[in-house]
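K.L.:
Structural data only, the sequence is not supplied:
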């Protein structure tokens, strides 16, 4: 009744917050899933390209027997290990996010605004008290 009175006095339609949230939450979940899949594909791509590059650089290092070439190989191996760790961290983070459940929305009104006279307010309070 109060929402209708307030929205009526302001000349606005009342907003149904639960319907609004119901339309936003699936979009956020889909966006989060798209981001995860994109990051996962990128990490897989980096790892695959790194493996191919590692094989080629190892051949160059063997043929040249240059200390610099072996240094490049060890740096690439470290980078590949880091990329694999990032992939595992990404999977762990996703599992933790999926465990998190959205808290149930409770309609709590902390601040009320009544637009009307004191007689109307008293009548409304009496009507609510009577049933």
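P.N.:
Arrived safely. Computed from a predicted model, the values in this text were never measured in an experiment.
K.L.:
Determine which residue lies closest to the centroid of the protein.
P.N.:
Centroid check for the chain by C-alpha atoms, centre = their mean gives residue 32 as the closest residue, at 4.9 Å.
K.L.:
For that one, I want the exact helix or strand it lies within.
P.N.:
Per DSSP states H and E: residue 32 is located in helix 17-64.
K.L.:
just checking, what packs against that helix?
P.N.:
Packed against helix 17-64 by the contact rule (3 or more C-beta pairs under 8 Å, 6 or more residues apart in numbering; DSSP states H and E) you find helix 67-99. The way it works is simple: take the backbone N, C-alpha and C, and place the C-beta from them, glycine included.
K.L.:
Which elements pack onto the helix it packs on?
P.N.:
Using 3+ C-beta pairs under 8 Å, 6+ apart, the elements in contact with helix 67-99 are helix 17-64.
K.L.:
between the helix it packs on and helix 67-99, how many degrees?
P.N.:
Orientation check (axes from the mean of the first three to the mean of the last three C-alpha atoms, to 10 degrees): helix 17-64 against helix 67-99 gives 160 degrees.
K.L.:
Quick check: mean pLDDT of helix 17-64?
P.N.:
For helix 17-64, the mean pLDDT works out to 80.
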